[in-house]
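1. my questions are about this predicted structure, shown below with the sequence.
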Amino acid sequence: MVKSMNRLLQCQLCPKMCKLAEGERGDCRVRINLNGELKTLVYGDPCAAHVDPIEKKPLYHFKPASMAFSIATAGCNLHCKYCQNWQISQREPEETYNYNMPPKTVVVKTISSRCISIAYTYSEPIVFYEYTLDTSILAHKYGIYNVVVTAGYINREPLIELCKYIDAANVDLKGITEKFYNNMCDATLKPVLEGIKTMINQGVWVELTNLIIPTWNDSEKDIRLLCKWITDNIGVDVPLHFSRFWPMHKLKNLPPTPIETLNNAVKIAKKEGIHYVYVGNVPGHPANNTYCPNDGKLLIERRGYAILQNNLKDGKCKFCGTKIPGIW
Amino acid sequence: MKRYNILTSILYIIILIAIYHNIVLYNNHKDSLEEYKQNICKEVFPTAANCEKKNTPFPYYIAYKSSKTKTLSDIKGYAFITTELAPKIKGFSGPIKIIVGISPSGKIQNLKILEQSETPSYVGNLDKFIVQFKGKKATEPLRLGIDIDGITHATVTSKAITSSIRKGLKKFYKTIIKDKILKTGAKEKNESFKWNEIIIPLLIFTLAILSLSTKKQWLRWAAMSLSLIYLGILKAAMLSIVHIANIILLRIPSFTYSPIWYMLIPLSLIIILIIGNIYCGSVCPFGVIQEIIYRSARKIKIKTLKISTHTEEKAQYVKYIILFIALISAIIANTSDILNFEVFVLFFTSNATFIGWILVVSTLLISAFHFRFWCKYICPTGAFNSLIARLSFIKIRASKDICKNCMLCKRVCAFDAINYNDNNIPIIDYGECNLCAECLRKCQVGALKLKISHITKSKTIPLTKKSHIKNPQDRIFVLILIIIILMILWLWIKNISSFILTQKSTEDYYTYTENPQPISKSISNDKIKKIKQRIKKAGIKPQPAKYWKKL
């Protein structure tokens, strides 16, 4: 016992700061104390690799209609009760079927499948931090963009290092109360908010997603609070996606989010002054499109993940010349 | 009686050392205690730069963000100590001192137990219990059982903590933060004085003493069954080495809050000092269970485990050794928390680890084959009681003139407490006698009587002459004894190590208010091997990770 006590170490990647004894894994299931050293079990072993439209992430202000080579490994440092990818995120890497894909292979596959970006997505790129970092460094050398889809639950220092190589991020701001994060995600809110601010300060293009769950975070007050935080802290130009909840994992007792709730949320967000508010998981919804905040004209028309028309010119509105923020 | 003189003097020395130790400890730490008190709010606001104590209208503390300015906006939070705000509320065996940190908006931000002396089998849950209060507001009713889950089998403790935090919080909120309290549900009931906690223990002792003086067997069984139901099953309150250690460490609760403590611990010790060890014989609920098992095993004619007197006399020393080591270790650690190995505490609070349950079950099993195995050879509480009982004023004595030297009393004594002097007159060994009064009852000529005696007159108890008659069952007995002692040692060491570990880690654990932090548990070497094999089998090559540090 004394021996293993001596080998106690602390992972400092995410705010959970797990203290690990010999042989013990962190809360994320992929970082383990082996022989007194912290090792990652998912380096170069993704369990999912797909070619996805960038709109699926969702990133609406980043190279519309482009394809992203998307990879993910097992494990996640959050344990959301409604996780949509729980089959991989709430599993140990031994339990999933893994491909052998070192960073080099990922870049080669990205180029050969005509993708312009690599998306680190599905589960949580933070828990395969080393893999994400090495791959994105290599990708930048070949002119490939890096995109992360994350919950943003990470400590400041590793985040700043990662931000050097990340071009765009979709951060899932799951709720705006500590209670929601405590009860639903096994995490805390504050580091997420700090993380979002850090990313924006480091020059990463950030879009936010908020999944609206009936009875949990669908109240007008919560949505207003969320929008207020955005306008007060990171500005009105950050796109906000309200996503429709679908019964999943441990939260099958709730109905899918009613469309009215989403419409209502969009209204509140617009009223608070956020320029680009979208609705996700509802194909054909008018709020899938991008409208010019100046003259209200339709700029990008989307249906599902397809782009029907694009009225942007050099990142500016074709009609009035207003600059639309994003990477175009 | 030579051996008892030695044992008793060891006990005296230990008690004296304990009291001296406490006084010295207090004097030595007086200054650092003052400093600690000055900065006490750093316990709950570790990042606070400055700490100020206010005494009006009641003692409380303010934590400031910076060390220079003291404006309202610099206030990080407030803190109060439960014993200072609600001084009457105490736990089962002593006050529980908790510091509660409150944010300026009136929410509980953090709490920490500063001092407590509860029976340790509850203590393991105490940390989990108080964490429930985090984030609660003063406006919430904080009802036990509805808003806060209680600790099983520790109702008194959970009640004490909840009501002290609730009272303190409301008092604080009303006057300092000056906000209205929503009157919801929980009324501050004045804890009515619990008469049943006084009457029933008194009744039990009266029945036991009556059974001794009237020599009536059924009175003894009445006392025993009442004690099993009330003290054992309902209250889970009994004389234990933990309480003895608490007395030695001068941790004593108030009478009004915990009358049962007074009825049980000081009263039974006083009764033992007057008439002998009647507690173990007729009151102790675990003794009752063992006796019931033994008697029913006799009814269905299970063979007993008989051992030679020589082995038995040696084995009887074991309990004294356990007592001394227990008390010394409690004094060194300056806490009674580590003494949580007694079977009856584990059993009646039904709060034990795996090994703890094995110990409970095996003790109960052996009691079917050997009369009160735990009481006779292991129980440190019994050892303490018998060292006091030796000094008792009233003792059983045989009159030389009447005794017919029939040796019947020795045969009926289930505790093996009767020896003979050279004239074949029985002498009661008060170190072992549990006052079951079987000898008084069975003596055909009435030679044995309760008499007032003086310690100075006490006669030497002759040890049985070394007979060296070896009983084949002796080996089995010794083996069982060793196994039981090993199990106790295991529990003991576990308690001590967890005590040391919590001493070390409480700081990190409690000050971490922002983020939940899983606590690591050590994994056995076999399991580590299995984990490594599993990783290898899955074809995973562990790669070095970034951002970590050795602790």
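-> Right, received. Where do you want to start?
2. could you use CA atoms for every contact and neighbour count after this?
-> OK.
3. so which strand or helix has the closest residue to chain A within the stretch 251-400 of chain B?
-> Proximity of the stretch 251-400 of chain B to chain A (Cα to the nearest Cα) peaks at B:Ile355, 17.7 Å away. In the assignment (DSSP states H and E), B:Ile355 maps to helix B:354-366.
4. tell me the helices and strands packed up against that helix.
-> Helices and strands touching helix B:354-366, by 3 or more Cα pairs under 8 Å, 6 or more residues apart in numbering or on different chains; DSSP states H and E, are helix B:343-348, helix B:474-511.
5. lowest average pLDDT across these?
-> When these are ranked by mean pLDDT, helix B:474-511 comes last with a mean of 70.
6. for the following helix or strand past that one, list every residue counted as buried.
-> With elements assigned by DSSP H and E, the helix or strand that comes after helix B:474-511 is helix B:525-537. Within helix B:525-537, the residues that count as buried by 16 or more other Cα atoms under 10 Å in any protein chain shown are B:Ile528, B:Ile535.
7. quick revisit: wait, doesn't the residue of the stretch 251-400 of chain B closest to chain A sit right on B:Trp492?
-> No: B:Ile355 is not in contact with B:Trp492 according to Cα atoms under 8 Å; the separation is 11.1 Å.
8. more neighbours: which of these two?
-> A side-by-side neighbour count of B:Ile355 and B:Trp492, using other Cα atoms under 10 Å in any protein chain shown, places B:Trp492 first with 19 against 13.
9. ok, and the closest non-adjacent residue to the more buried one?
-> Spatial nearest neighbour of B:Trp492, chain neighbours left out: B:Phe341 (6.1 Å); criterion: Cα to Cα, 6 or more residues apart in numbering or on different chains.
10. the one you found - how many residues pack around it?
-> Other residues within reach of B:Phe341, judged by other Cα under 10 Å, total 25.
11. could you do B:Tyr12 as well?
-> So B:Tyr12, with other Cα under 10 Å, has 12 neighbours.
12. now do the one 10 residues further on
-> Other residues within reach of B:Asn22 by the criterion other Cα under 10 Å amount to 17.
13. over to A:Cys76?
-> With other Cα under 10 Å as criterion, A:Cys76 counts 27.
14. separation between it and chain B?
-> In this view, A:Cys76 and chain B are 15 Å apart by Cα to the nearest Cα, to the nearest Å.
15. can you list the residues of chain A near chain B?
-> A:1, A:4-13, A:15-24, A:27, A:31, A:36-43, A:45, A:94, A:130, A:158, A:187-188 (Cα under 8 Å from any Cα of the partner chain).
16. generate a PyMOL selection restricted to the buried entries among these.
-> In PyMOL, a selection of the buried entries from the residues of chain A next to chain B looks like this (16+ other Cα under 10 Å):
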select buried, chain A and resi 4+5+7+8+9+10+11+12+13+15+16+17+18+19+20+21+22+23+24+27+31+36+37+38+39+40+41+42+43+45+94+130+158+187+188
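17. send the alpha carbons of the strand or helix carrying B:Leu114 over as PDB?
-> Per DSSP H and E, B:Leu114 falls inside strand B:108-115. Output in PDB follows, covering the C-alpha atoms of strand B:108-115 (Å, rounded to 0.1, in the frame of the first residue of the first chain):
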ATOM      1  CA  ILE B 108     -23.400  27.900   2.400                       C
ATOM      2  CA  GLN B 109     -20.200  27.800   0.500                       C
ATOM      3  CA  ASN B 110     -18.100  25.400   2.400                       C
ATOM      4  CA  LEU B 111     -18.000  23.700   5.800                       C
ATOM      5  CA  LYS B 112     -15.500  21.800   7.800                       C
ATOM      6  CA  ILE B 113     -15.600  19.700  10.900                       C
ATOM      7  CA  LEU B 114     -13.100  21.200  13.300                       C
ATOM      8  CA  GLU B 115     -13.600  18.900  16.300                       C
END
